[in-house]
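# based on what follows, work out the 3D shape:
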Amino acid sequence: MKFWRRIFFEWMYFGSPPWDSGVVPPEVTDFVLHHPPGRAIDLGCGTGTNAIYLAKNGWQVVGVDFSWRALSIARRKSKEQGVKVTFIQDDVSKLSKIDDNFDLVLDIGCFHGLTSFQKRNYIRRLQELLAPEGFFLLYGFIERPANTTAIQPEDIHAIGESMEILEKRVGEDSGRVSAWFLIRKKSNSLIPK
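All right, here's what the predicted structure looks like:
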């Protein structure tokens, strides 16, 4: 990640970033209601709202973010709420500090901000980290106005090569088209190169 972009995100966490609502989305609560607890990883976890929610519902959770400030807040919140979440500072396109398998990979607004190269690495690592028949719950912007980022059709195609897209819910967020994707790893899928 570029230096100035990293500084921007760190600086934003000294206030209240607009993307950090502190509210667990209904798509996450619905998933938890219909799936037994297991191991989960929250990529781009920010201040830990969703990771803490999963832990409160019996999941063993790892939260990953590149922002030390966001992770500091997340650690404090999880301690205050009496739940155990492992928070790790790492690059989601590399995940060099993670080698476990997970039943759920959660990404709310992280993947869509990566470069094409980072997205390819992310998808490869995702395939390695997901347990057989594991789920990937993804949220992001899906249409790209000028100078913004989004989940592109080619990203969905790349994900679909080794995973099954079970559901796509299109909506609107702050005037932009967004979508939730529920994706499952195919049990016989090969890891893309």
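
# output the lowest mean pLDDT helix or strand found in the protein.
Ranked by mean pLDDT, DSSP states H and E, the weakest helix or strand in the chain is helix 3-12, scoring a mean of 64.

# what's the stretch of helix or strand residue 154 belongs to packed up against?
According to DSSP states H and E, residue 154 maps onto helix 153-162. Secondary-structure packing of helix 153-162 (3 or more C-beta pairs under 8 Å, 6 or more residues apart in numbering; DSSP states H and E): helix 116-129, strand 176-185. In short, each C-beta sits where N, CA and C put it, glycine included.

# now render those as a markdown table, adding mean pLDDT.
Conversion of these to a markdown table gives the following (pLDDT from 0 to 100):
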| stretch | mean pLDDT |
| --- | --- |
| helix 116-129 | 94 |
| strand 176-185 | 95 |
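
# got those as CSV, with distance to residue 46 columns?
Shown next, in CSV, are these (distance: least, C-beta to C-beta, whole Å):
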stretch, distance to residue 46
helix 116-129, 17
strand 176-185, 17
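
# dump these to JSON lines, plus mean neighbour count.
Formatted as JSON lines, these follow (neighbours: other C-beta atoms under 10 Å):
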{"stretch": "helix 116-129", "mean neighbour count": "18"}
{"stretch": "strand 176-185", "mean neighbour count": "19"}
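
# any idea which of the ones you listed gets closest to residue 64?
helix 116-129 (10.4 Å; C-beta to C-beta).

# tell me how far that closest one lies from the chain's centre.
12 Å (C-alpha atoms, centre = their mean, to the nearest Å).

# all helices of the chain, in order?
Counting by DSSP state H, one finds helices in the chain at the ranges 3-12, 26-34, 49-56, 68-80, 116-129, 153-162.

# and the contacts of the third one?
Spelled out, that is helix 49-56. 20-25, 28-29, 32, 37, 40, 42, 45, 61-63, 74, 77-78, 81, 83-85, 87, 104, 106, 108 (C-beta atoms under 8 Å, 6 or more residues apart in numbering).

# just the buried ones from the residues you listed?
Listed as buried from the contacts of helix 49-56 are 20, 24-25, 28, 32, 40, 42, 45, 61-63, 74, 77-78, 83, 85, 87, 104, 106, 108; burial here means 16 or more other C-beta atoms under 10 Å.
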